[in-house]
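Undergrad: need coordinates for the following:
(one chain, ligands or ions: 1)
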Amino acid sequence: MTTMSKKADERAPAAGRVALITGGAGGIGRALVEAFVEAGATVVAVDAHDVDSGSGSSDRLVWRRTDVSSPDEIGSLIDAVVREFGRLDIVINNAGVAHVDPLGAIDFGRWAELMAVNVTGAVACADAAAPHMMRAGWGRIINLSSVWSLVGAQTYSAYGASKAAIRQLTKIWAAELAPYGVTVNSICPGWVKTPLLSRFVDRLAALHRQPVENVLREVLHLVPQKRFLDPAEIAHAALFLASDMAQGITGTDLVIDAGMSSTLPDGLFTRPVRGDVDYSKIKSEIYGEGLQSDQEASK
Ligand SMILES: NC(=O)c1ccc[n+]([C@@H]2O[C@H](COP(=O)([O-])OP(=O)(O)OC[C@H]3O[C@@H](n4cnc5c(N)ncnc54)[C@H](O)[C@@H]3O)[C@@H](O)[C@H]2O)c1
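TA: Numbering: from 1, shown residues only. As a prediction, the model looks like this:
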């Protein structure tokens with residue numbers, strides 16, 4: 001390593017930190033792994049699948065095949081990380097699964113599997129990591145929630161509930177760990193370009209028997225910026241939350257959704273109204289029989 005690059009490393013926001021990133025082989029996970037390695041951290045990337053094809057090669061990156069839904073496996077892994085690297089500063093609970101079931105047809109086997117990964121997995125990592133962070137007097141826990149924890153999307157019972165649990169756990173852990181210099185925050189992404197997104201679009205296309213282009217148009221109709229997010233946008237936000245600059249930020253949810261949850265669907269105020277609804281009846285309910293709207297009164 002040259003003197004220049006060593007200096008650059010020392011200035012990097014995560015230089016000298018040891019970070020554990022779950023779901024590292026997935027779409028957002030790979031971006032997180034790349035960003036934290038680039039920012040100078042030693043990264044332990046964890047995934048239940050696909051660790052052999054895990055991206056990136058660096059002497060500060062190791063891959064571990066571990067199932068986050070097993071608290072025993074996670075406990076052993078975190079003990080081993082601390083033995084090997086002497087510390088664990090940052091945990092990013094990113095591993096997650098998604099599926100949909102309409103009410104009346106909830107598959108409770110799949111419900112339990114999803115909760116085991118999305119909720120128990122995050123709890124297992126935080127539970128095993130917290131004592132090391134408390135002893136060190138510094139730490140960061142970043143939980144991947146979702147915009148679907150903020151708004152109720154049809155058929156998302158399990159996923160939405162799991163991500164809402166993550167937001168609440170974020171606040172509970174933030175309060176519990178605040179005296180020890182450890183911050184805990186959640187990131188709530190909207191639609192990010194990952195394999196999870198393409199599976200979702202395929203399902204909608206099959207459900208509505210529509211070409212994918214039509215589904216994309218409908219989906220992006222809800223997004224003011226008219227685009228899907230890049231995984232790197234999530235990773236850079238996580239990098240900021242993990243930095244010393246964000247010491248005062250704890251117990252918060254950072255929504256990164258290209259504007260989706262901040263407004264109503266595009267066109268509500270500019271599109272022609274539908275013709276198959278009895279608007280005169282609705283109008284009289286609002287204004288009262290015989291009363292006029294301001295528009296009529298000014299004629
Ligand atoms: N992509 C999006 O639009 C989006 C939006 C909001 C929130 N999120 C959340 O971001 C996180 C990452 O999502 P993604 O889009 O990168 O998904 P992804 O499917 O590309 O990656 C998820 C990764 O988690 C791993 N994983 C699953 N079960 C595991 C287990 N038991 N133990 C260890 N690893 C396991 C998978 O193997 C996969 O590599 C998830 O928590 C997801 O819910 C994604």
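
Undergrad: is the top strand by length along the chain in proximity to the ligand?
TA: Longest among the strand segments of the chain by residue count, using DSSP state E, is strand 182-189. Yes: judged by C-beta under 6 Å from any ligand atom, strand 182-189 and the ligand are in contact via Pro189. Glycine gets a C-beta too; all of them are placed from N, C-alpha and C.

Undergrad: and that strand, what does it pack against?
TA: helix 121-136, strand 139-144, helix 157-177, helix 231-242, strand 253-256 (3 or more C-beta pairs under 8 Å, 6 or more residues apart in numbering; DSSP states H and E).

Undergrad: and the next helix or strand after that strand, what's buried?
TA: Where DSSP states H and E defines the elements, the next helix or strand beyond strand 182-189 is helix 195-208. Neighbour counts over helix 195-208 (16 or more other C-beta atoms under 10 Å) mark 197, 200, 204-205 as buried.

Undergrad: which single one of those is nearest to Tyr180?
TA: Closest to Tyr180 out of these is Leu197 (36.4 Å), distances taken as C-beta to C-beta.

Undergrad: may I have the phi/psi pair for the residue nearest to that closest one when sequence neighbours are not counted?
TA: Spatial nearest neighbour of Leu197, excluding adjacent residues (C-beta to C-beta, 6 or more residues apart in numbering): Trp191 at 5.7 Å. Dihedral pair for Trp191: phi -90, psi 120, per degrees, to the nearest 10.

Undergrad: please tell me I have it right and Trp191 contacts Val219.
TA: Yes: Trp191 is in contact with Val219 according to C-beta atoms under 8 Å; the separation is 6.9 Å.

Undergrad: may I see the buried residues of stretch 247-257?
TA: Counting neighbours by 16+ other C-beta under 10 Å, stretch 247-257 gives 250-257 as buried.

Undergrad: circling back to that earlier point, angle of the longest strand of the chain against helix 157-177?
TA: 160 degrees (axes from the mean of the first three to the mean of the last three C-alpha atoms, to 10 degrees).

Undergrad: Ala129 and the ligand: what is the separation?
TA: Ala129 sits 15 Å away from the ligand, going by C-beta to the nearest ligand atom, to the nearest Å.

Undergrad: burial check on that residue, number of neighbours?
TA: Burial of Ala129 is recorded as 24 neighbouring residues (other C-beta atoms under 10 Å).

Undergrad: before we move on, what about Arg135?
TA: Neighbourhood size, Arg135 [other C-beta under 10 Å]: 12.

Undergrad: show me the contacts for the closest residue to Asp67 other than its chain neighbours.
TA: Leaving aside its sequence neighbours, Asp67 sits nearest to Ala48 (C-beta to C-beta, 6+ apart; 4.8 Å). By C-beta atoms under 8 Å, 6 or more residues apart in numbering, Ala48 lies in contact with 65-68, 95.

Undergrad: hmm, which of those are the buried ones?
TA: If we count by 16+ other C-beta under 10 Å, the contacts of Ala48 have these buried: 66-68, 95.

Undergrad: kindly identify which of these also come near the ligand.
TA: 67-68, 95.

Undergrad: inside strands: which ones of those residues?
TA: Using DSSP E, none of these sit in strands.

Undergrad: circling back to that earlier point, now for the buried residues of helix 195-208: which two are most distant?
TA: Leu197 and Ala205 (12.6 Å).

Undergrad: hmm, back to that, now pLDDT too, for the ones next to the ligand among the buried ones among the contacts of Ala48, in JSON lines please.
TA: Output for these, formatted as JSON lines (pLDDT from 0 to 100):
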{"residue": "Asp67", "pLDDT": "98"}
{"residue": "Val68", "pLDDT": "98"}
{"residue": "Ala95", "pLDDT": "98"}
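
Undergrad: could you save those residues as JSON lines and add columns showing distance to Gln168?
TA: Converted to JSON lines, these look like this (distance: C-beta to C-beta, whole Å):
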{"residue": "Asp67", "distance to Gln168": "24"}
{"residue": "Val68", "distance to Gln168": "19"}
{"residue": "Ala95", "distance to Gln168": "19"}
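
Undergrad: among these, which one sits closest to Ala35?
TA: Nearest to Ala35 among those, with distances taken as C-beta to C-beta, is Ala95, at 16.9 Å.

Undergrad: I figured that closest one was touching Gly121, is that so?
TA: Yes: the criterion here is C-beta under 8 Å, and Ala95 meets it with Gly121 at 5.6 Å.
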